[in-house]
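> turn this into a model:
(chains A and B)
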Amino acid sequence: MGLLRWSRYGRLTVFYLVLIAVAAVFIAPYIFAIFASFKPLSGVVHDKAWQPPSHFDTSNFTTVLRSQHFLKYLGNTAMIAVILTIGQVVFSMMGAYAFARMRFPGRDALFWVYLATLMVPNVVTLVPLYIIMNKMHLLNTYWAIFLPYVLGTPYAIFLIRQYFMTIPEEIIEAARLDGCGEQRILWRVVVPLSKPILMTASVIAFTFAWNNFLWPLIVTDSTSLRVATVGISNLNSNFTAQWNLVVAGSLIALVPMIIVFAIFQKQIVNSIQLTGVNR
Amino acid sequence: MPADFGHVVTAVAPTAAVGPTSATSTAPPAHSRRKQVGAAAFFLFPSLVGVLLFLVLPVILVILLSFVRWDLLSPPKFVGFANFTDLFQYDQIGHSLLITLYYVVLNIPIQTVIALGLALMLNRKLPAMGFFRVLYVLPFLATPVAMAVVWNWVFDPKVGVINSLLSLVGIHGPAWLGSSTWAMPVVAFANIWQYTGYNMLFFLAGLQAIPRQLYEVSGMDGATKFQQFYRITLPLLNPTFLFVLVTGVIGSFQVFDTVYVLTNGGPGNATEVMNLKIYQSAFVGFHIGEACAMSVILFLIILLFTMTQFSYFRRRTTYEMN
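Numbers count the residues shown, from 1 in each chain, chains lettered A, B, ... in the order given. Sure thing, here's the model as predicted:
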C-alpha cells in the first residue's frame, strides 16, 4: 500500500510540475519585460533576463513617455477605445433587441444578411474600406479609426441576441401591456437582466479597439492622431537595439489590458467559453 | 449542446436556439405590431448603416476593383483579369500563398493539440485548477504589437533570453528572426503563445458538456482510458474542434501585426505573408486593383478551407447526443 500511495503522490507532483512549467512559459515574457524595463541598457545587455534589476530605475519609462509623445498616443487609444466600446455595445444591443424580441417584415432575411457578413474576413474589406473613408474625406481623423466598428457589429448583435432570446417573453409582454414603449422596455427591463452579456460585449469591443493596429496604421499618418500600437511599432524601429526603452514602451501599452483582465477575469474566462471572440 | 452546428459561431453558443426562429408564441395586436415596425426601424438603423456601408459595400467594391488598375490619383482603368494573371506571373504571389499556408500549418496543429492537452489536464477536480486556467488565458489579452516587440528582444541573437538559455546547455543559438529558416517558426511561436490558452477554454467547455455517465458506463463495460478518449471524448469534441479550427484558420490566414513588427516580411521575403503583401501593394505601392485581386484570392482560399472543415466535421459529428 505504501508504494501505491507514493506513486499516487508522485504522479500528482509530476502533474503539477507540468502545469507550473506551462504557466512559466506563459508568464515568463511578462516577468522578463518587467525586469528589463527597470534596468539600464547595459543591464539588459549584460545581465541575464531572469535576474531582477538591482534597483528600480524608472528612467526608461520617463524617457519613452517624453521623447515619443507616448502619453498622447495612450490618450488617443483610450478615447477611441471608450467611444468605440460604448457605440458598438449600445447600437448592437438595439439591433439585437429588434432581432430577438420584435416582429417586423423581413426580420429573418435581414438577420441572415447580418450572419453572412460574419464570414467575411477583415483583410478582404481593408482596401475598399480605406477607399470609402477616402471618399468620405475622413482619412486622418479620429472618425476613420472607429467609424467602421462603432455602429454595431454583426458579431456583437448575434452574441447579444442569443442572450436576449433567453429572457422570458412574459416579462416583456407584461411591460408592453403596462404601456411601456420599446425604448423603455429595452433600457429598463432588458438591459438590467443582461448585464453579463453586455459586459462580455464591452470587453470584446475594448480589447479589439485597444489592440487594433493595421487599420489605424492605414487611415492615419499624423502623430497627433497616432494610437499606442502604432507608436510602439515606431518605437521598435526608432530605438533599434535600445531594448530597455522599447520593452518599457510596450509594457506601458500592455498594462491597461492586464488591469482590465485583473478586474474582469472571471467574466472574461466565462464569456470566452460561452462565445468565442472573432479575431 | 444544441444539435445544429451549421454556422461557425453557433458551435459554442449553447445559451439559446440558433438561427432566426420566432421566439414569440402569442401574436401582439395589430396596432402594437405597426408601432413595433417603426421602433424596429429605429433600433436597427445604426447597425444597418454599418453593415451596408462598412461590410456589404466593401465586399462588392473589392470584387469590382480587382478588375481595374488604379493608383487613387488618375481614374481607374478596366483591365479584366490582368491583375490576377500578373500576380501569378510577376509578383510571386504563389510564394506568399505558400508562406502563409506554411504559417497556418505551423501554427494551428501545435496550438490545437496543446490546447486540448491543457484542457484535459485542467478538467479535473483538483486544487488550483481555476488558478492555472486564469494564468493560461493571460497571454490572450496581450496586445499583439506590444508582445511582438518583447519577442523581438527575447529572440535577439546576442542579448535575447532564448540564446542565453541555449548557451547554458552549450548550444550556440541561431539568428532566429534574421534566419530565413527560423523567422517563420518564431512568428508562429508568438501566436501559439498568444492563442493556446484561449483555445483551451473552448476545449474545457466542450469537455464539461460531455455527460459523466458515458465514462462510467463504458468503464463498467471494460473500456480502457485510451479507448474512452478515442471513442467518447474525441468524437464528442467535434463541434469544439470545428469552432477552434475554423476561427483559428481564418485568423491565421490574416496574420499581420506580429509579422509586421518582428520581420516586416524578411529576411528577404521569407515571411512575406498575404496580408503583408496586400498592405504593401495597396498602401506603399498604391496598386489598388492588384491589392483587391489579392484580397479576393485570399478570400476564396479562406472560404475553401472553411467549407472543407465544415463538410469534414459534418460527416463526423454525431447528432444523437441528447
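> so where's the chain shaky on pLDDT?
No chain in the question, so chain A it is. A:1-5, A:68, A:270-279 (pLDDT under 70).
> my question was about chain B, not that one.
Scanning chain B with the threshold set as pLDDT under 70 gives B:1-34, B:317-322.
> for it, which residue gets nearest to chain A?
Nearest to chain A in chain B, going by CB to the nearest CB, is B:Gly50, at a distance of 3.1 Å. Where C-beta positions appear, they are placed from N, C-alpha and C, glycine not excepted.
> so that residue, which state does it fall into?
helix (DSSP: H, G, I helix; E, B strand; the rest coil).
> residues contacting the residue of the stretch 51-200 of chain A found nearest chain B?
Using CB to the nearest CB, the closest approach of the stretch 51-200 of chain A to chain B is made by A:Leu151 at 3.1 Å. Counting by CB atoms under 8 Å, 6 or more residues apart in numbering or on different chains, A:Leu151 touches A:87-88, A:91, B:46-47, B:49-50, B:54.
> out of everything not next to it in sequence, what's closest to it?
B:Gly50 (3.1 Å; CB to CB, 6 or more residues apart in numbering or on different chains).
> so that neighbour is in contact with A:Tyr155, correct?
No: B:Gly50 sits out of contact with A:Tyr155 when judged by CB atoms under 8 Å, with a separation of 11.7 Å.
> look at these two and report which has more neighbours.
When neighbours are counted by other CB atoms under 10 Å in any protein chain shown, B:Gly50 and A:Tyr155 differ, and B:Gly50 comes out ahead with 26 against 23.
> how far away is the more buried one from A:Phe261?
In this view, B:Gly50 and A:Phe261 are 28 Å apart by CB to CB, to the nearest Å.
> B:Leu276 too?
B:Leu276 sits 29 Å away from A:Phe261, going by CB to CB.
> those two: which is more packed in?
B:Leu276 (22 against 19).
> which strand or helix spans the more buried one?
For B:Leu276, the element it lies in under DSSP states H and E is helix B:274-283.
> elements contacting that helix?
Helix B:274-283 sits against helix A:122-135, helix A:214-219, helix B:93-122, helix B:257-262, helix B:288-316, with contacts defined as 3 or more CB pairs under 8 Å, 6 or more residues apart in numbering or on different chains; DSSP states H and E.
> quick one: the strands in chain B?
B:68-69, B:77-78 (DSSP state E).
> which one of those lies nearest to B:Ile99?
strand B:68-69 (25.6 Å; CB to CB).
> looks like A:Phe61 contacts A:Ser37 (just checking).
Yes: shown here, A:Phe61 and A:Ser37 form a contact pair, counting by CB under 8 Å, at 6.9 Å.
> so what sits against both of these two?
A:Ala248.
> neighbour count for the two, which is higher?
Neighbour totals were compared for A:Phe61 and A:Ser37, and A:Ser37 leads with 26 against 18 (other CB under 10 Å).
> give me every residue that touches the more buried one.
So A:Ser37 contacts A:60-61, A:244, A:247-248, A:251 (CB under 8 Å, 6+ apart).
> number of nearby residues for B:Leu135?
Residues near B:Leu135, counting by other CB under 10 Å, number 18.
> now the one 3 residues further on
One way to gauge burial is a neighbour count; for B:Leu138, by other CB under 10 Å, it gives 18.
> likewise B:Thr308?
Neighbours around B:Thr308, by other CB under 10 Å: 11.
> pull up the gap between it and B:Val249, please.
Using CB to CB, B:Thr308 is found at 10 Å from B:Val249.
> what does A:Tyr142 give?
From A:Tyr142 to B:Val249 the distance is 33 Å (CB to CB).
> send me stretch B:61-74 as CSV with only the CA atoms.
Taking C-alpha atoms only, stretch B:61-74 is exported to CSV below (Å, rounded to 0.1, in the frame of the first residue of the first chain):
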residue,chain,number,x,y,z
LEU,B,61,-16.1,47.1,-54.1
VAL,B,62,-13.3,44.6,-53.6
ILE,B,63,-14.6,42.4,-56.4
LEU,B,64,-15.2,45.3,-58.8
LEU,B,65,-11.8,46.9,-58.0
SER,B,66,-10.0,43.7,-58.6
PHE,B,67,-10.7,44.2,-62.3
VAL,B,68,-9.3,47.7,-62.6
ARG,B,69,-5.9,49.3,-62.5
TRP,B,70,-5.9,52.3,-60.1
ASP,B,71,-3.4,54.4,-58.2
LEU,B,72,-6.1,56.5,-56.4
LEU,B,73,-4.9,59.6,-58.4
SER,B,74,-5.7,59.0,-62.0
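> now check it, is it near chain A?
Yes: residues of stretch B:61-74 contacting chain A under CB under 8 Å from any CB of the partner chain: B:61-62, B:65, B:72.
> mind checking which of these are buried?
Buried subset of these (neighbour count, 16 or more other CB atoms under 10 Å in any protein chain shown): B:61-62, B:65.
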